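What follows is a predicted structure for the sequence shown.
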Amino acid sequence: MSDPTPQFALLRQRRFGPFFSTQFLGAANDNLFKFALTVLVTYQLQVAWLPASVAGLVIGALFIAPFVLLSATAGQLADRMDKAVLMRRVKDCEIAIMAVALLGFVLQWPALLLLCLVGMGVHSTFFGPAKFAYLPQVLKPSELTGGNGMVEMGTFVAILLGNVAGGLLIATPQVGRIHVGVVCLILALLGRWTARAIPAQERPAVRQPMNWNPWTETIANLRLARADGMVFRGLLGISWMWFFGAVFLAEFPVLAKDVLHGSEQVAALLLVVFSLGVGTGALLCESLSRGRVEPGLVPLGAIGMTLFAVDLWCTLEGLPPAAQRLGLGDFLQAPARWHVLLDLFGLSLSAGVYSVPLYALIQQRSPITHRARIIAANNILNALFMVSSALLAGALLAAGLNVPQLFLSMGVANALFLALMCWRDPQYLRRSKNWLLRIAGRISAPSA
């Protein structure tokens, strides 16, 4: 058997490079459009039927709704079609959506732009199962961890760049909205251009007829996932990571303003640090697992998430008060606030280490005939967990918790989830113990 290709070397190969570029451009476009639209209806347009105070919530809900409603159908199509062909058809739709969005920006029609936002949610819903079901078809088992690490790193970097670009473009006086529409259309065209190079794949022999009822098919997908207990626990583990992370991401503006006493640039810095942390953790998984799908990294990542969340709470509670609102330069000159950034980086890095082995495990253990439907079930669970996290965080804050205490509660909840996960499947702890013993053995071995 030939040696696995290092993860960065995969970018030079046709089986991975065009696919990576396509998914990167799609994620960047989603977030650029979504963030620019949020700023537009919050600060620039006065929309009577969409108050600025709830615009962000409405936009987030509209984008995520297709994941709940259509993921089951998307999974069925991905299991039946050549994944490369399906991804190209999805990119064709993205071009049409962004062309209409450009018209919406020119005419300043919020209703049309919200319709396009739903369209981009549908675009992502159908791309997701094809994306994750494609990887195990073109990567060796020893390359799955590295490939998934690259995809997760690329996704979070694309989210970061999309948000930053969307905010900068829409802020351009007079013509910002036009620039956003043009750039979104260009990104869609580039995504379609890179998708044309994704190599064709054989279609699995799926004999079961299409079920167009999303509710019954969703239940059927969850039953498929439950057939393998380790796969289903992996799905729940990934969804928990999104639940956990969504709380921190949602509170960054409040954390920057009310706790750190920083400006808008400080809130952006928190997003940058979080994204870089997840990307770094995702990339580390290949070297940590030494080319294997290693579930033993999952408990170690979860422990890091809890420890850094608790330390973040301690740091925030001990911050000295600021006499005035801190700009980015003043913020970075305060050593205590550097501790906040280090905690945030460590927490997000641990989340990357935690999640990548779970994705690889699900792909490895899911049969090819319904792998995409299991990924679709994961997307549904992710969406439901993120909505639940928003409701729970809102309830805890309304009950009197402050933001640092909310972060502490998430750290404690994460420890409880890890304990439950390892109790239900002791293999995670056994694999962690074996991994630590291997590392200790290499460190203590005498050098040649």
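Structure received. Residues are numbered from 1 along each chain as shown.

Point out where the stretch 301-448 of the chain drops to low pLDDT.
322-323, 445-448 (pLDDT under 70).

what about the strands in it?
Using DSSP state E, counting those that start in this stretch, the stretch 301-448 of the chain contains no strands.

Now do the helices in it.
For the stretch 301-448 of the chain, the helices defined by DSSP state H, counting those that start in this stretch cover 328-332, 335-365, 371-398, 403-424, 427-444.

cool, the stretch 151-300 of the chain as well?
For the stretch 151-300 of the chain, the helices defined by DSSP H, counting those that start in this stretch cover 176-195, 214-226, 229-254, 264-289, 297-317.

wait, which of those is closest to V164?
Comparison of the helices of the stretch 151-300 of the chain against V164 by Cβ to Cβ identifies helix 264-289 as nearest, at 7.0 Å. C-beta coordinates here come from the backbone N, C-alpha and C atoms, glycine included.

For that closest one, what is the distance to the chain centroid?
12 Å (Cα atoms, centre = their mean, to the nearest Å).

Could you identify which of the helices of the stretch 301-448 of the chain is most buried?
Greatest average neighbour count among these goes to helix 335-365 (a mean of 23), per mean count of other Cβ atoms under 10 Å.

Who are the packing partners of that one?
Judged by 3 or more Cβ pairs under 8 Å, 6 or more residues apart in numbering; DSSP states H and E, the packing partners of helix 335-365 are helix 110-138, helix 144-170, helix 229-254, helix 264-289, helix 297-317, helix 371-398.

Tell me how far the first one lies from the chain's centre.
In other words, helix 110-138. With Cα atoms, centre = their mean, you get 13 Å for helix 110-138.

Show me what it is packed up against.
Counting by 3+ Cβ pairs under 8 Å, 6+ apart, helix 110-138 packs on helix 17-39, helix 52-80, helix 83-107, helix 144-170, helix 335-365, helix 371-398.

returning to that earlier point: compare the mean pLDDT across the helices of the stretch 151-300 of the chain and name the weakest.
Summarising mean pLDDT across those, the least confident stretch is helix 214-226, with a mean of 81.

Show me which positions of it end up buried.
For helix 214-226, a neighbour-count test (16 or more other Cβ atoms under 10 Å) marks 214, 217-218, 220-222, 224-225 as buried.

residue contacts, the closest residue to V41 other than its chain neighbours?
In space, V41 comes closest to A55 once its chain neighbours are excluded; the distance is 4.7 Å by Cβ to Cβ, 6 or more residues apart in numbering. For A55, the contact set (Cβ atoms under 8 Å, 6 or more residues apart in numbering) comprises 38, 41-42, 47.

Go ahead and confirm R226 touches R233.
No. Using Cβ atoms under 8 Å, R226 is not in contact with R233, being 9.8 Å away.

Could you dump the helices of the stretch 301-448 of the chain into a markdown table and include distance to I178?
Converted to a markdown table, the helices of the stretch 301-448 of the chain look like this (distance: least, Cβ to Cβ, whole Å):
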| stretch | distance to I178 |
| --- | --- |
| helix 328-332 | 29 |
| helix 335-365 | 35 |
| helix 371-398 | 32 |
| helix 403-424 | 37 |
| helix 427-444 | 51 |
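
which residues touch the closest residue to A78 other than its chain neighbours?
Using Cβ to Cβ, 6+ apart and skipping the chain neighbours, the partner closest in space to A78 is A372 (3.4 Å). Listed by Cβ under 8 Å, 6+ apart, the contact set of A372 reads 74-79, 83, 129-130, 132-133.

What of C184?
Neighbour list for C184: 29, 32-33, 98, 101-102 [criterion: Cβ under 8 Å, 6+ apart].

how much space is there between it and T42?
18 Å (Cβ to Cβ, to the nearest Å).

Now flag whichever of the contacts of A55 is closest to A197.
Using Cβ to Cβ, T38 comes nearest to A197 of the contacts of A55, at 33.0 Å.

Quick check: the gap between the closest one and F16.
33 Å.

What about K257, how many residues nearby?
15 (other Cβ atoms under 10 Å).

what's the distance between the residue nearest to it when sequence neighbours are not counted and A256?
Of all residues not flanking K257 in the chain, A267 sits nearest, at 7.2 Å (Cβ to Cβ, 6+ apart). According to Cβ to Cβ, A267 and A256 sit 4 Å apart.

Show me which of those two is the more surrounded one.
Legend: neighbour count by other Cβ under 10 Å for A267 and A256, higher for A256 (22 against 16).

need the contact list for that one.
262-264, 266-267, 270.
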